[in-house]
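*Asks:* Here's a sequence, model it:
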Amino acid sequence: ASPTEQTEMLVTRLKQKLGAPLKIGVGRFEALFEAVDIAGEVADLPRKVLLELSEVRNVTAHKNARADARFLERCPWYEINKGETVRVTHPDFVRYKTAAHWYLVELFRRLAVSSSEQQRMLELREFLHNRLSELKIHPVH
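*Replies:* The predicted structure follows:
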C-alpha cells in the first residue's frame with residue numbers, strides 16, 4: 001500500500017479502537033488528539049456551536065434537511081420542531097465559521113513551540129471567542 005493508504009488504514013484502526021466515530025461534535029477529534037498527546041480543553045461555546053454544525057450537516061446530508069429526534073436531542077437550543085426543514089442562514093454560517101476558526105486556532109496553540117506563538121494564538125482565540133459570544137446563539141428558524 002502507498003504511504004497515504006497506510007496512514008488512512010492506521011487512522012481508521014485508531015478511530016475504531018478509541019470509539020471516536022461514536023463520540024459527538026469535537027469529541028471525535030479530541031479522542032484522536034489525546035492518542036497523540038495534543039488533546040486539550042475546548043470552551044463550551046465553540047464546542048456547542050461546532051456540535052450544532054455537525055448535527056446540521058448530518059440532517060442535511062442524511063435526512064433531507066429535516067430535523068429528526070437525534071437532532072432535537074443533541075441541539076435542544078435550536079428552535080425547530082421535528083420534521084421541519086433546517087435552514088442555514090447567513091448568521092448561522094458566520095457562527096459556524098467563527099467556531100471552526102476558534103478550534104483551528106486552539107489546535108495551532110497546542111502545537112506552538114515558542115511562547116510568543118502561544119501568546120499570539122491565545123490572543124486570537126480570545127478574540128474569536130468574544131466574536132462568537134456576540135453572535136446570535138439561539139437561532140430562530
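*Asks:* what helix or strand does the residue most central in space within the chain sit in?
*Replies:* To find the centre residue of the chain, average its C-alpha atoms and take the closest one (CA atoms, centre = their mean): that gives residue 50, at 3.3 Å. Residue 50 belongs to helix 44-62 when elements are defined using DSSP states H and E.
*Asks:* Return the list of helices and strands in contact with that helix.
*Replies:* Helix 44-62 makes packing contacts with helix 69-74, helix 90-111, helix 115-134 when contacts are defined by 3 or more CB pairs under 8 Å, 6 or more residues apart in numbering; DSSP states H and E. The way it works is simple: take the backbone N, C-alpha and C, and place the C-beta from them, glycine included.
*Asks:* quick one: what helix or strand has the closest residue in space to residue 21 that isn't next to it in sequence in it?
*Replies:* Nearest in space to residue 21, with sequence neighbours left out and distances taken as CB to CB, 6 or more residues apart in numbering, is residue 15 at 5.9 Å. Secondary structure assignment for residue 15, by DSSP H and E: helix 3-18.
*Asks:* Return the following helix or strand past that helix as PDB; C-alpha atoms alone will do.
*Replies:* Note on helix 3-18: by DSSP H and E, the next helix or strand toward the C-terminus is helix 27-35. Taking Å, rounded to 0.1, in the frame of the first residue of the first chain, the C-alpha atoms of helix 27-35 are listed here in PDB:
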ATOM      1  CA  GLY A  27     -15.200  14.800  20.900                       C
ATOM      2  CA  ARG A  28     -14.400  12.500  18.000                       C
ATOM      3  CA  PHE A  29     -11.400  14.700  17.100                       C
ATOM      4  CA  GLU A  30     -10.300  15.200  20.700                       C
ATOM      5  CA  ALA A  31     -10.200  11.400  21.200                       C
ATOM      6  CA  LEU A  32      -7.600  11.100  18.300                       C
ATOM      7  CA  PHE A  33      -5.700  14.100  19.600                       C
ATOM      8  CA  GLU A  34      -5.500  12.600  23.000                       C
ATOM      9  CA  ALA A  35      -3.900   9.400  21.500                       C
END
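*Asks:* Look up how far residue 32 lies from the residue nearest to residue 21.
*Replies:* Computed with CB to CB, to the nearest Å, the distance linking residue 15 and residue 32 is 7 Å.
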